[in-house]
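**Student:** when you get a sec, could you give me coordinates for this:
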Amino acid sequence: MSERYPHVFNPIKLGPVEISNRFYLAPHGVPLTVDGLPSEDCVAYLAERAAGGCGLVFHSIAAYAFSPRLQTPYHEASIPAFRAVADAVHGHGAKIFGELFYHASVPGPWEAHSPTRPAVAPSAMQQFDKYEVCHEANLREIAGLVEAFRRSSTHLAAAGYDGIEVHCTHGALVEQFLSPYFNHRDDEYGGGLENRMRFLVECLQAARQGAGPQRAVGVRFNCDEMLPGGLTQDDAREILARIVELGLIDFADLDIGVEPNQLPLASPPYFIPPHLFESYVGGVRGATGDVPVISVIGRMTSIADAERIIASGVADMVGAARGLIAEPELVKNAREGREDRSRVCIACNWCIEWDWTQGACTINPASAKERQWGVAALRPAAHSSRVVVVGAGPGGLEAARVAALRGHEVVLFERRASVGGQMNLWASLPARETFATTPAWWLARLEELGVDLRTGVDATAELVLRETPDAVIVATGSRYAKDGESGYLAIPIPGWDRDFVLTPEDILEQGARPTGSVVVLDEEGLNTGSGIAELLANSGATVELLTRWLQVPSASHLYTSEFAFINPLLSNAGVKVTTQSYVKEIGDRELTVFDVFTSEERVIEDVDAVVLATMRRPQDQLVKDLDGSVAQLFAIGDALAPRMLAAATHEGQRFARMIGEPGAPRNFSEVYFGMAEPDAPWSAIGSLAAEG
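**Tutor:** Residues are numbered from 1 along each chain as shown. Below you'll find the predicted structure:
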């Protein structure tokens, strides 16, 4: 037991299962799937969190037979694949529970290249995020669903899983039957509470029958639906008390959030303070009596916070999903008194937005690629090299860290006085301070590794070559186009060179704070344009935000949940938002603006400043200057092609792994047009497939 965290590092029993400590990997979508079964990448992903110190690992699994996109133990033939998962987790001393679910968002197509199957629900209702209407389950289909929970539990037990959790929150089917908001039936599964509870009771009974007496059975439960006519905290207490009295559960996993209706609550982004669930869990937990309560509490990234929650009695066990995606050794580092080694999840929700098909984490590019890039796979390079990295933004910092970990001698140049690049710029925007935490983590790691960091240096080709490098990684980032060129109009905006026209760098780097009437043209639809509009409005300017998109921010921020906060922040700051509009011409203190669909024009007069947040241009001259002068030369992140943050960190790790390896690519062209060997040390070929 840890003297510092005696509650967290104290064993706990959930029913018949003893767990070595009280921090767990929470259930979440892990779409590392091959033909409906967990892939080798899934095994490695879950095992890495067990190796990182979690006492319990949850595996979120579909409890039915008919979705090739999801992992399911419905068929007996699945047992060996799930046994591989259980064996890997057990090999690190942790226990593993399967969370069984059915959700309306995941039925998928009938077969390849076909329309989707209908989702099954208690009533024929339209889904929240699409026009499709669910099929009302009849009694035969309800019996089939209950049987699916029994079969799936039976097969997980045969695979060696230690427990089963029935998913009854986040708008899953079991919750829908329970909730009068979703359930409009008038038969034995609808109406009063006893009837609405029937499906939950039957699923729990089926799970317990399938799991057997040696395994724990629990429920993941919504403390408060916060929907008109939905389940309240009083309802939650009554239902939990009843299923405890019936002896159906060994633990209750409590949280809030109906998905997708309340996605910002289910996976709170950085706009919401941590531990959102604490008061809800605390308000309900008394109903479970002696049955332990576990909870993620909401954006849990600190073992110290978990200790406080457990000590206060709000929960008996605390977990995290995103916090452990970002830092798989979170628990291990705390046990060893080295919490400074842990990356802190920035809650940008990239893992949700891109559904893991384009990377699971912005700040931990090894996540979902543990077989090739995991903690145990990070070995010294075949040949130690002298490496120069230019640019200490997120891509350059990650490249320098990985190169140093692999035994290379690393010099890192940065033209600014501090590291972090655009992450520091984003952190200067309102409510986005969390972006500053990761550069600080990288800086501490580079100091430990002895990286020769030289700030305030504008590295030229001559300066780089003076270091006699074996390899150079250029991470010089990008700059916003001063002339307003964009994807919408790939030509400069007439009048862009007037003295009152600014770029985002003028605002965020140079500290310009124009007053009076300010127009911000946001072509990207990311944080930059909307954040600058809010910043200037809060500084006293009268701001109009123009975008050619149909909403602010663009659709890319839908599943990150940022949209739910950016719009209210803009409104509260008094920013006028004008969608489907673009700038035709910048005149003498005026703008001619047009509707991108109707071409109707209007003139905005008496403009004091214009900010053009259009396209970003790569700062890649150094790559051109060095071409042919070093054995290995790579541009990464925005210096290669401006894209998302995750691209920079991923490429920082990917290209750093190529250095010092026999037969490794020497430049981007060889990477792009070559075919990496699956087991090559720089490879990250995984079995990634989307999940709903």
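**Student:** do I have it right that Ala216 meets Ala157?
**Tutor:** No: using C-beta atoms under 8 Å, Ala216 is not in contact with Ala157; the gap is 11.1 Å. For every residue, glycine as well, the C-beta is placed using N, CA and C.
**Student:** shared neighbours of those two, anything?
**Tutor:** Ile164 (C-beta atoms under 8 Å, 6 or more residues apart in numbering).
**Student:** who's more crowded, the two?
**Tutor:** Ala216 (25 against 21; other C-beta atoms under 10 Å).
**Student:** next up, the contacts around that one.
**Tutor:** Per C-beta under 8 Å, 6+ apart, neighbours of Ala216: 14-17, 97, 162-164, 250-251.
**Student:** using CSV, lay out the residues you listed together with neighbour count and pLDDT.
**Tutor:** Below are those laid out as CSV (neighbours: other C-beta atoms under 10 Å; pLDDT from 0 to 100):
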residue, neighbour count, pLDDT
Leu14, 27, 98
Gly15, 20, 98
Pro16, 14, 98
Val17, 17, 98
Phe97, 29, 98
Asp162, 26, 98
Gly163, 28, 98
Ile164, 30, 98
Asp250, 23, 98
Phe251, 25, 98
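**Student:** what strand or helix carries Val519?
**Tutor:** Element membership for Val519 (DSSP states H and E) is strand 517-522.
**Student:** try Thr528
**Tutor:** helix 527-538.
**Student:** next SSE downstream of that helix?
**Tutor:** Trace forward from helix 527-538 with DSSP H and E and the next one is strand 542-546.
**Student:** now do that following strand: distance to the chain's middle.
**Tutor:** 30 Å (C-alpha atoms, centre = their mean, to the nearest Å).
**Student:** quick one, longest helix in the protein?
**Tutor:** helix 139-158 (DSSP state H).
**Student:** buried residues in that one?
**Tutor:** 142, 145-158 (16 or more other C-beta atoms under 10 Å).
**Student:** about what we covered before: what helices and strands are in contact with the strand holding Val519?
**Tutor:** Counting contacts by 3 or more C-beta pairs under 8 Å, 6 or more residues apart in numbering; DSSP states H and E, strand 517-522 is packed against helix 527-538, strand 542-546, strand 581-586, strand 609-613.
**Student:** pick the most buried one from the ones you listed.
**Tutor:** strand 609-613 (a mean of 26; mean count of other C-beta atoms under 10 Å).
**Student:** which strands or helices does that one pack on?
**Tutor:** strand 501-502, helix 504-508, strand 517-522, helix 527-538.
**Student:** what angle do that strand and strand 517-522 make?
**Tutor:** Counting by axes from the mean of the first three to the mean of the last three C-alpha atoms, to 10 degrees, strand 609-613 lies at 10 degrees to strand 517-522.
**Student:** I'd like the next helix or strand past strand 609-613.
**Tutor:** Next along from strand 609-613, by DSSP H and E: strand 616-618.
**Student:** buried sites along that following strand?
**Tutor:** In strand 616-618, the ones that count as buried by 16+ other C-beta under 10 Å are 616, 618.
**Student:** who does that strand touch, helix- and strand-wise?
**Tutor:** strand 478-480.
**Student:** neighbours around Val607, how many?
**Tutor:** Neighbours around Val607, by other C-beta under 10 Å: 22.
**Student:** right, and it touches Val519 too?
**Tutor:** Yes: counting by C-beta under 8 Å, Val519 is a contact partner of Val607 at 5.8 Å.
**Student:** list the residues that contact both of those two?
**Tutor:** Leu591.
**Student:** next secondary structure element downstream of the helix or strand of the chain with the lowest mean pLDDT?
**Tutor:** Least confident element among the helices and strands of the chain, by mean pLDDT, DSSP states H and E: helix 350-353 (a mean of 84). Once helix 350-353 ends, the next helix or strand along the chain (criterion: DSSP H and E) is helix 370-373.
**Student:** report all helices and strands that that following helix contacts.
**Tutor:** helix 40-51.
**Student:** how does this structure divide up, domain by domain?
**Tutor:** 12-347, 379-477+619-673, 482-616 (automatic domain parsing).
**Student:** a markdown table for those, including distance to Pro6?
**Tutor:** Below are the domains of the chain laid out as a markdown table (distance: least, C-beta to C-beta, whole Å):
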| stretch | distance to Pro6 |
| --- | --- |
| domain 12-347 | 8 |
| domain 379-477+619-673 | 27 |
| domain 482-616 | 35 |
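**Student:** ok, which of the ones you listed comes nearest Lys369?
**Tutor:** Among the domains of the chain, domain 12-347 comes nearest to Lys369, with 7.1 Å by C-beta to C-beta.
**Student:** thinking again about what came up before, how far does the least confident helix or strand of the chain sit from its chain's centre?
**Tutor:** 4 Å.
**Student:** what's around the closest residue to Ala481 other than its chain neighbours, how many residues?
**Tutor:** Using C-beta to C-beta, 6 or more residues apart in numbering and skipping residues adjacent in sequence, the residue nearest Ala481 is Met615, 5.0 Å away. By the criterion of other C-beta under 10 Å, Met615 has 18 neighbours.
**Student:** contacting residues around Met615?
**Tutor:** Met615 neighbours (C-beta under 8 Å, 6+ apart): 480-481, 485-487, 523-524, 642.
**Student:** give me the distance between it and Arg415.
**Tutor:** 22 Å (C-beta to C-beta, to the nearest Å).
**Student:** and Asp186, by the same measure?
**Tutor:** 70 Å.
**Student:** which residue of these two possesses the greater neighbour count?
**Tutor:** More neighbours surround Arg415 than the other of Asp186 and Arg415, with 16 against 8 (other C-beta under 10 Å).
**Student:** which ones are touching the more buried one?
**Tutor:** Neighbours of Arg415 in contact, by C-beta under 8 Å, 6+ apart: 391, 456-459.
**Student:** make it 10 Å
**Tutor:** 390-392, 454-459, 476-477, 619 (C-beta atoms under 10 Å, 6 or more residues apart in numbering).
**Student:** local confidence estimate at the residue nearest to Ala481?
**Tutor:** Reported pLDDT at Met615 in the predicted model: 96.
**Student:** for Arg49, see how far away it is.
**Tutor:** Relative to Arg49, and taking C-beta to C-beta, Met615 is found at 39 Å.
**Student:** and Lys130, by the same measure?
**Tutor:** 33 Å.
**Student:** who's more crowded, those two?
**Tutor:** Legend: neighbour count by other C-beta under 10 Å for Lys130 and Arg49, higher for Arg49 (28 against 12).
**Student:** low pLDDT regions in the stretch 51-200 of the chain?
**Tutor:** 66, 68 (pLDDT under 70).
**Student:** how about the strands in the stretch 251-400 of the chain?
**Tutor:** Taking DSSP state E, counting those that start in this stretch to define them, one finds strands in the stretch 251-400 of the chain at 251-255, 293-295, 317-320, 386-390.
**Student:** which of the buried residues of helix 139-158 lies closest to Trp682?
**Tutor:** For the buried residues of helix 139-158, the nearest to Trp682 is Leu156 (35.9 Å; C-beta to C-beta).
**Student:** what separation is there between the closest one and Ala266?
**Tutor:** Leu156 is 24 Å from Ala266, by C-beta to C-beta.
**Student:** same check, this time on Arg415
**Tutor:** For Arg415 relative to Ala266 (C-beta to C-beta), the value is 41 Å.
**Student:** confidence score at Thr357?
**Tutor:** At Thr357, pLDDT is 60.
**Student:** cool, the one 4 residues further on as well?
**Tutor:** What the model reports for Cys361 is a pLDDT of 94.
**Student:** can you tell me the closest non-neighbouring residue to it?
**Tutor:** Per C-beta to C-beta, 6+ apart, closest to Cys361 is Ser367, 4.1 Å.
**Student:** same thing with His59?
**Tutor:** Per C-beta to C-beta, 6+ apart, closest to His59 is Gly98, 5.2 Å.
**Student:** beyond the helix or strand that contains that neighbour, next helix or strand please.
**Tutor:** Counting by DSSP H and E, the element that carries Gly98 is strand 95-101. Next helix or strand after strand 95-101 toward the C-terminus (DSSP H and E): strand 120-121.
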